[in-house]
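# Sequence and predicted model, in that order:
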Amino acid sequence: MDNIFDWSYDELKEWFKDSGEGSFRAKQVLDYLYKGAGSFDEMKNLNSTSREKLKEAFVIYVPEVIDKRVSKDGTVKMLLALQDGNIIETVVMKYVYGYSVCVSSQVGCAMGCSFCASTKGGMVRNLLPGEILGQVMAASKEAGERMSHVVLMGSGEPLDNFGNVLRFLELVNMKEGLCLSHRNITLSTCGLVDRIRELADMKLQITLAISLHAVTDEKRREIMPIARRWSIREILDSVRYYMDKTGRRVSFEYSLVNGVNDSLEDAYALASLLKGMKTHVNLIPVNVIREMLFRPSQNKAVESFRNALESRGIEATVRREMGGDIDAACGQLRRSYLDGM
Ligand SMILES: C[S@@+](CC[C@H](N)C(=O)[O-])C[C@H]1O[C@@H](n2cnc3c(N)ncnc32)[C@H](O)[C@@H]1O
Ligand code: SF4
């Protein structure tokens, strides 16, 4: 049976019409659902025939929180169980402007980046649109408040689950649902160039973030297998195309790894790659994960890197991962959980 959260307002309207009920029922059902109804029986405004028809066609399914850790800085990392028993993680962060949730787009990841815990067990499966949406709902329930921002930066490569992620973007924006503006959604990708171009053509107003992490193709290939498929030049061309088509700024993620990509030469090379682009660089000292030998850059190297970028006119922020005391690096809590099973 379908999870009703995979369905859009328009589709539900059609469904009600086809099943002989008024299409106005769709709005009633969505009102109940997004206020947290856990069963069709709670939907008292509907007659019993409608409720029975719904029960025959749909389940109401939001991933279940099975564990959570709360960090000193208030970040909450949740482990969620899916219907098929797979486990994903979702992180809720509080900022001055409100809450932000970091959602997973896949169970695991196929991309194989050498510093990332999400990919260690390979890719298990794509998440369905309702399962991505369900993470936003679980986060709101946890925070007791609606989310003001969503970042697709948890486990998985969102552009490798393109159809379902596009569908999620439609559902999360729905006026009759969570009504979250695309401007408050960031999608982070390791750089699937063909998909970036497709996304650009759709002219959605989401923010795109590119995980670059190295300034030469050679170095990038050492830490990110996707670099064998797409060169840095191809990625930057697709980013310019995205900016052109959507009018949005694109940001870059650059994880700083001690002795690997954090020299001043790297910083100046990054500045020349991004020269002339209206962009922002997020520098993230790499989070140590158990199986890996990488170490984060020292504070001095991080500051010098940032200063070098700024001296060349590239805006840069150092982002210390929130919730550092609770296995907050992407995919880490899930891996600890699976390792302990
Ligand atoms: C987990 S990925 C998910 C989104 C997408 N697959 C991507 O690579 O952009 C989100 C961000 O976390 C970064 N990341 C992964 N492992 C990390 C680690 N150990 N330390 C710091 N950043 C990490 C990635 O490079 C990426 O910028
Ligand atoms: S950094 Fe992103 S693309 Fe790379 S393995 Fe992790 S989740 Fe996948």
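Now that the structure is in, tell me what you want to look at. Numbers count the residues shown, from 1 in each chain. Ligands and ions are numbered 1, 2, ... in the order given.

# dump the residue contacts of residue 63.
Listed by C-beta atoms under 8 Å, 6 or more residues apart in numbering, the contact set of residue 63 reads 80, 81, 82, 88, 131, 134, 135, 138. Any C-beta I mention is one placed from the backbone N, CA and C, and that applies to glycine too.

# Which of those sits closest to ligand 2?
residue 88 (12.1 Å; C-beta to the nearest ligand atom).

# Correct me if wrong: residue 137 contacts residue 62.
Yes: look at residue 137 against residue 62 with C-beta atoms under 8 Å: they come within range, at 5.3 Å.

# what's the overlap in contacts for these two?
Common neighbours of residue 137 and residue 62 (C-beta under 8 Å, 6+ apart) are residue 5.

# For ligand 2, what's its nearest residue on the stretch 151-300 of the chain.
For the stretch 151-300 of the chain, C-beta to the nearest ligand atom, closest residue to ligand 2: residue 190, 3.8 Å.

# what's the helix or strand for residue 220?
helix 217-223 (DSSP states H and E).

# Give me the contact status of the next helix or strand after that helix with ligand 2.
On the C-terminal side of helix 217-223, the closest following helix or strand by DSSP H and E is helix 232-246. No: using C-beta under 6 Å from any ligand atom, we find that helix 232-246 stays clear of ligand 2, coming within 13.1 Å at best.

# mind saving the C-alpha coords of helix 232-246 as CSV?
What follows is helix 232-246, C-alpha atoms only, in CSV (Å, rounded to 0.1, in the frame of the first residue of the first chain):
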residue,chain,number,x,y,z
ILE,A,232,36.4,20.2,-11.8
ARG,A,233,36.1,22.3,-15.0
GLU,A,234,32.9,20.5,-15.9
ILE,A,235,31.5,21.0,-12.4
LEU,A,236,32.3,24.7,-12.5
ASP,A,237,30.7,25.1,-16.0
SER,A,238,27.5,23.4,-14.7
VAL,A,239,27.5,25.7,-11.6
ARG,A,240,27.8,28.8,-13.9
TYR,A,241,24.9,27.4,-15.9
TYR,A,242,22.9,26.8,-12.7
MET,A,243,23.6,30.4,-11.6
ASP,A,244,22.6,31.8,-15.0
LYS,A,245,19.4,29.8,-15.2
THR,A,246,18.2,30.3,-11.6
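
# Use 501 as the first number for this chain going forward.
Taking 501 as the first residue, the last one we looked at is helix 732-746.

# Tell me if the helix or strand following it is near ligand 2.
Next helix or strand after helix 732-746 toward the C-terminus (DSSP H and E): strand 750-756. No: contact of strand 750-756 with ligand 2 (C-beta under 6 Å from any ligand atom) is absent, the minimum separation being 8.5 Å.

# strands paired with strand 750-756, and their directions?
strand 707-711 (parallel), strand 779-785 (parallel) (DSSP bridges).

# which ones are touching residue 583?
residue 561.

# buried sites along stretch 588-608?
Neighbour-count burial for stretch 588-608 flags 588-593, 599-608 (criterion: 16 or more other C-beta atoms under 10 Å).

# of those, list those near ligand 2.
Among the buried residues of stretch 588-608, no residue sits close to ligand 2 (C-beta under 6 Å from any ligand atom).

# closest one to residue 530 among the strands paired with strand 750-756?
Closest of those to residue 530 is strand 707-711, at 26.5 Å (criterion: C-beta to C-beta).

# Any buried residues in the closest one, and which?
So, applying 16+ other C-beta under 10 Å, buried residues of strand 707-711: 707, 708, 709, 710, 711.

# Give me the pLDDT value at the third one.
In other words, residue 709. Residue 709 carries a pLDDT score of 98 in this model.
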